[in-house]
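Participant: here are the coordinates; sequence isn't available:
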């Protein structure tokens, strides 16, 4: 398995010679600094815009999926439940994932590139394999994303109809959690988030290049977008199924307000017992999650790669 990167080359075009050697040096430093900043910063910008596009498009699907994860409902039952709540509540809970996802995807792509750049410099000196170096960079970026877990926490509370009368909006939910339970309560469900983020990032960045190389060669911008969509979508869908039980445990843990912090394994066993020890029921919602992830990560990857080319 080989990992490829989307990093731009570090080479900076040489400016035209100026009469004064001192002013020439000064100008080169200025151009190099500006270009480096742009090269590093655009990965964060592209990731953020890609995530924004995805969240606006797929939020209603995510809401149906969440109800299935939390309550073990069938798709039709979850849709009826949401329809009964009315159009006014369809996008209730949008702000936390919008803030969280635009930031975490920016961190995911941006920090991966930054960590890769830093670690590769050391790896070349020590002779460490590039694949290992990029895997470590991906895992570190995924772990850093977990700092924004409170947004997932509040999203869970706002999407759970049992809390409709308790939390009015994002700011109110944060205020109530902090006032009544403290900062620690905002990080309920952090363990499954950490267990999911690092490994999924390693697989996503490690397999993205090899999968794209196996797709039909593209000769147009549209062709490249299609390949990026298929590559990102297939990876996202596969990883969504692989880590689905962790998302079930996360949703169950984060739906609780107050009380003891239950270990991730114990939460998962509780859900398992409640659903009759059935694997099928434990994975209820996985089909919708597969299609949502296919669409979401297809949009994110295609949009990200397109923006890298045009910015």
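Facilitator: Nice, thanks for sending it over. Fair warning: this is a prediction, and the values are worked out from it, not measured in the lab. Numbers count the residues shown, from 1 in each chain.
Participant: what residue ranges in the stretch 151-300 of the chain score low on pLDDT?
Facilitator: Within the stretch 151-300 of the chain, no range satisfies pLDDT under 70.
Participant: all helices of the stretch 151-300 of the chain, in order?
Facilitator: Counting by DSSP state H, counting those that start in this stretch, the stretch 151-300 of the chain has helices at residues 170-181, 183-186, 190-214, 221-242, 244-254, 264-274, 279-282, 286-310.
Participant: wait, which of those helices is closest to residue 111?
Facilitator: helix 190-214 (9.6 Å; CB to CB). Yep, even glycine has a C-beta here, placed from its N, CA and C like the rest.
Participant: who touches residue 293 in this structure?
Facilitator: Residue 293 is in contact with 233, 236-237, 239-240, counting by CB atoms under 8 Å, 6 or more residues apart in numbering.
Participant: no no, residue 292
Facilitator: With CB under 8 Å, 6+ apart, residue 292 has these contacts: 58, 61-62, 65, 240.
Participant: which among these end up buried?
Facilitator: 58, 61-62, 65, 240 (16 or more other CB atoms under 10 Å).
Participant: in helices, which of the contacts of residue 292 fall?
Facilitator: Here DSSP state H is the test, and those give 58, 61-62, 65, 240 as lying in helices.
Participant: now distance to residue 208 too, for the residues you listed, in TSV please.
Facilitator: Listed next are the ones in helices among the contacts of residue 292 as TSV, based on distance: CB to CB, whole Å:
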residue	distance to residue 208
58	20
61	23
62	23
65	24
240	15
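Participant: quick check, nearest of those residues to residue 184?
Facilitator: residue 62 (26.1 Å).
Participant: spatially, what comes nearest to residue 303 if we skip its sequence neighbours?
Facilitator: residue 50 (3.8 Å; CB to CB, 6 or more residues apart in numbering).
Participant: any idea which helix or strand carries the one you found?
Facilitator: Using DSSP states H and E, residue 50 sits within helix 21-71.
Participant: could you check the angle the helix or strand that that helix is followed by makes with helix 286-310?
Facilitator: Next helix or strand after helix 21-71 toward the C-terminus (DSSP H and E): helix 75-85. Computed by axes from the mean of the first three to the mean of the last three CA atoms, to 10 degrees, the angle separating helix 75-85 from helix 286-310 equals 70 degrees.
Participant: chain center to whatever helix or strand comes next after helix 75-85: distance?
Facilitator: Remark: after helix 75-85, the chain's next helix or strand is helix 95-126, criterion DSSP H and E. Its chain's C-alpha centre and that of helix 95-126 lie 11 Å apart, by CA atoms, centre = their mean, to the nearest Å.
Participant: mind listing what's buried along helix 95-126?
Facilitator: Neighbour count says helix 95-126 has 95-116, 119-120, 123 buried, by 16+ other CB under 10 Å.
Participant: quick one: contacts of the helix or strand just after that helix?
Facilitator: Using DSSP H and E, the helix or strand that follows helix 95-126 in sequence is helix 130-145. Under the criterion CB under 8 Å, 6+ apart, residues 1-3, 5, 104, 107-108, 110-112, 115-116, 119-120, 123, 194, 197-202, 204-206 lie in contact with helix 130-145.
Participant: list the buried ones in helix 130-145?
Facilitator: Residues of helix 130-145 classed as buried: 133-142, 144-145 (neighbour count, 16+ other CB under 10 Å).
Participant: just send the residues you listed back as TSV, with distance to residue 79 and pLDDT too.
Facilitator: Output for these, formatted as TSV (distance: CB to CB, whole Å; pLDDT from 0 to 100):
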residue	distance to residue 79	pLDDT
133	45	92
134	41	93
135	39	94
136	42	95
137	40	95
138	35	95
139	37	96
140	39	95
141	35	95
142	32	93
144	35	93
145	30	91
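Participant: quick one: which of those residues is nearest to residue 246?
Facilitator: The closest of the buried residues of helix 130-145, once distances to residue 246 are taken by CB to CB, is residue 142, at 12.8 Å.
Participant: can you pull the pLDDT of residue 37?
Facilitator: pLDDT, the model's per-residue confidence, is 42 for residue 37.
Participant: begin at 30 from here
Facilitator: All set: I'll call the first residue 30, so the last point we hit is now residue 66.
Participant: need the residue closest to the centroid of the chain.
Facilitator: residue 134 (4.7 Å; CA atoms, centre = their mean).
Participant: for residue 177, see how far away that residue is.
Facilitator: Distance of residue 134 to residue 177, computed by CB to CB, to the nearest Å: 11 Å.
Participant: about what we covered before: give the PyMOL command for selecting the buried subset of the contacts of residue 322.
Facilitator: Listed next is the PyMOL selection for buried residues among those, using 16+ other CB under 10 Å:
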select buried, resi 262+265+266+268+269
